[in-house]
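Enquirer: I need the structure of the sequence given here:
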Amino acid sequence: MRHFIDIAKHSLNKYGEELCGDKVEILKTEDKTIIVLADGLGSGVKANILSTLTTKIIITMLKSGADLQDAIETITNTLPVCSVRGIGYSTFTIVEIDNQLNCEIVEFDNPALFFMRDKKIMQIKKIPFTSSGKTLYRSKIVLRPTDVMVLCSDGVIHAGVGIMLNHGWEWEHVAAFLEGQTHRSSEYINRRLIDTCKKLYDDRPGDDTTAITVMIRKPRCVNVLTGPPQVPQNDKPIVKRFMDQPGLKVVCGGTAANIVARELDCEVETSLTYYDPKIPPIGKIKGIDLVTEGVLTLKMVLMHLKAIQESCEEPDYRKEDAVTKLVKLFLEEATYIKFWVGCAINPAHQNPDFPADLSIKINIVKELVETLNAMGKQAKITFIDEDKSL
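Expert: You can find the predicted model right below:
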């Protein structure tokens, strides 16, 4: 694949509300990627229901093969207009990108989408059209690698109003902020944007605040080998296939590291430096990008990813321990993550009351894959003992 559509999304609930009035739906198929952001009128339960209804109708119709225009007409006919304010009960932005990077954008009363090319904000031509008496705007553009788009609800451009800023952050100020960021990943940009909004609100958001960053990146795969195969005769072909894969190479686990080192005819160098007493040290193998301990380290990575997933704050990547390095690799460097899992069971990690397929190691890796996919990556597992090509 020539490109990867890297997407990150984060939200802040209005202070005192348990539910967010903004809703995001992302659909990735073989042919296209569809992103829908809806902002329900008001806040809390009512706003959440309205925004959820909006995103679900649009995504469900598009997933079923409906034309974008039909989906728009359905939603504009479905959602009434507030009699007091004279505005729709839910605003929305739709972005549709196909495999050739042809992009169509439809906007209805949300803040204008931010589009950056070569780290500079560019204006996209918008064509107004009417649906059920409502004015919407359509844009079409062919995207390029490194292009960035940021969708947001009005909580972003109102950040700080009446607290730190008289008129809120405003669109032009947000645009200048985005231009000043290091465009290394959508996760990095989006977290910095939402974290800045949170600070402008003095940690008490006056409105539901959501941002979605979309970046066109070159694919980068990270291959993670953990656990030895059940059949020792497979060591050589497994290591060869692992080393032949494109992308970065990570080995997690002492036994796996020893097998890889032996097949590569080199030694495992173990560091005696403990950056964190709770985290096993990092090892080194020539030709491997990162070598760590196995189950304990992967479990801590999983816990760290879940904590990051629940927060909008920017992770601290300054530490040099194995967990920090793996988390940064997964979130900042990788677009695709493939876990190569050997099914030999370490007795120290296996509850004798559980069947072999419920080993701690395999469960942790499965949960890692689910978490990474939920965070916008494409992660999968290959059980090397079941790979018939070996």
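Enquirer: quick one: buried residues of stretch 252-262?
Expert: Using 16 or more other CB atoms under 10 Å as the test for burial, stretch 252-262 gives Cys252, Gly253, Gly254, Ala256, Ala257, Asn258, Ile259, Val260, Ala261. All C-beta atoms are positioned from the backbone trio N, CA, C, and that covers glycine.
Enquirer: inside strands: which ones of those?
Expert: Cys252 (DSSP state E).
Enquirer: would you list the buried residues of stretch 252-262 in a markdown table and tack on pLDDT and distance to Lys377?
Expert: Output for the buried residues of stretch 252-262, formatted as a markdown table (pLDDT from 0 to 100; distance: CB to CB, whole Å):
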| residue | pLDDT | distance to Lys377 |
| --- | --- | --- |
| Cys252 | 96 | 17 |
| Gly253 | 92 | 21 |
| Gly254 | 91 | 26 |
| Ala256 | 94 | 22 |
| Ala257 | 95 | 24 |
| Asn258 | 94 | 29 |
| Ile259 | 95 | 27 |
| Val260 | 96 | 24 |
| Ala261 | 96 | 28 |
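Enquirer: what's the end-to-end length of stretch 176-190?
Expert: This stretch, stretch 176-190, spans 14 Å end to end (CA to CA, to the nearest Å).
Enquirer: can you check the pLDDT for Leu41?
Expert: Listed pLDDT for Leu41 reads 85.
Enquirer: now do the lengthiest helix in the chain: which elements does it pack against?
Expert: Scanning the chain for the helix with the most residues, using DSSP state H, yields helix 44-63. Contact analysis of helix 44-63 by 3 or more CB pairs under 8 Å, 6 or more residues apart in numbering; DSSP states H and E lists strand 22-28, strand 32-40, helix 68-78, strand 90-98 as its packing neighbours.
Enquirer: report the angle between the second one and helix 68-78.
Expert: If I follow you right, that is strand 32-40. Orientation check (axes from the mean of the first three to the mean of the last three CA atoms, to 10 degrees): strand 32-40 against helix 68-78 gives 20 degrees.
Enquirer: for strand 32-40, what is the distance to the chain centroid?
Expert: The chain centroid and the centroid of strand 32-40 are separated by 15 Å under CA atoms, centre = their mean, to the nearest Å.
Enquirer: report the angle between it and strand 22-28.
Expert: 170 degrees.
Enquirer: offset the numbering so it begins at 45, please.
Expert: Sure, I'll start counting at 45 from here, so that last one is strand 76-84.
Enquirer: which non-adjacent residue is nearest Leu349?
Expert: Take Leu349 and drop its neighbours on the chain: the residue closest to it by CB to CB, 6 or more residues apart in numbering is Thr415, 5.1 Å away.
Enquirer: Three-state assignment for the one you found, please.
Expert: Put simply, Thr415 is helix when judged by DSSP: H, G, I helix; E, B strand; the rest coil.
Enquirer: now whichever strand or helix holds Met259 against strand 134-142, angle please.
Expert: Using DSSP states H and E, Met259 maps to strand 253-261. In terms of direction (the same axes, to 10 degrees), strand 253-261 departs from strand 134-142 by 10 degrees.
Enquirer: check which helices and strands strand 253-261 sits against.
Expert: Using 3+ CB pairs under 8 Å, 6+ apart: strand 253-261 touches strand 48-56, strand 66-72, strand 76-84, strand 192-196, helix 198-201, helix 230-244.
Enquirer: mind listing the strands it pairs with, and their directions?
Expert: Paired strands of strand 253-261, with direction, are strand 48-56 (antiparallel), strand 192-196 (antiparallel) (DSSP bridges).
Enquirer: ok now the longest one, how far from the chain's centre?
Expert: Relative to the centre of its chain, strand 48-56 is centred 5 Å away, using CA atoms, centre = their mean.
Enquirer: kindly report the same for stretch 359-372.
Expert: 17 Å.
Enquirer: for stretch 421-434, same thing?
Expert: Taking CA atoms, centre = their mean, one finds the center of stretch 421-434 at 22 Å from the center of the full chain.
Enquirer: residues of it that come out buried?
Expert: Those would be Lys421, Gln422, Ala423, Ile425, Phe427, Ile428, Asp429, for stretch 421-434 by 16+ other CB under 10 Å.
Enquirer: quick one: contacts of it?
Expert: 48, 273-275, 278, 281-282, 285, 374-375, 378-387, 409-410, 412-413, 416-417 (CB atoms under 8 Å, 6 or more residues apart in numbering).
Enquirer: can you tell me which of those residues end up in strands?
Expert: Going by DSSP E, the strands hold Phe48, Tyr380, Ile381, Lys382, Phe383, Trp384, Val385 from the contacts of stretch 421-434.
Enquirer: any idea how far the first one is from Leu370?
Expert: Pointing back at Phe48 there. Noted for Phe48: a distance of 20 Å to Leu370, by CB to CB, to the nearest Å.
Enquirer: could you do the fifth one as well?
Expert: Computed with CB to CB, the distance linking Phe383 and Leu370 is 12 Å.
Enquirer: same check, this time on the last one
Expert: Counting by CB to CB, the separation of Val385 from Leu370 is 16 Å.
Enquirer: pass me the low-pLDDT residue ranges in the stretch 145-294 of the chain, would you?
Expert: 206, 208-211 (pLDDT under 70).
Enquirer: which residues in the stretch 295-434 of the chain form helices?
Expert: Counting by DSSP state H, counting those that start in this stretch, one finds helices in the stretch 295-434 of the chain at the ranges 298-307, 339-353, 366-372, 404-418.
Enquirer: which of the residues in stretch 337-356 are classified as buried?
Expert: So stretch 337-356, judged by 16+ other CB under 10 Å, has buried residues 337-346, 348-349, 352, 356.
Enquirer: can you check stretch 219-237 too?
Expert: Quick answer for stretch 219-237 (16+ other CB under 10 Å): 219, 222, 225, 227, 229-237.
Enquirer: now the residues you listed as JSON lines including distance to Val268?
Expert: As requested, the buried residues of stretch 219-237 are exported to JSON lines (distance: CB to CB, whole Å):
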{"residue": "Ala219", "distance to Val268": "38"}
{"residue": "Leu222", "distance to Val268": "32"}
{"residue": "Gln225", "distance to Val268": "29"}
{"residue": "His227", "distance to Val268": "26"}
{"residue": "Ser229", "distance to Val268": "19"}
{"residue": "Ser230", "distance to Val268": "22"}
{"residue": "Glu231", "distance to Val268": "19"}
{"residue": "Tyr232", "distance to Val268": "22"}
{"residue": "Ile233", "distance to Val268": "25"}
{"residue": "Asn234", "distance to Val268": "25"}
{"residue": "Arg235", "distance to Val268": "23"}
{"residue": "Arg236", "distance to Val268": "27"}
{"residue": "Leu237", "distance to Val268": "30"}
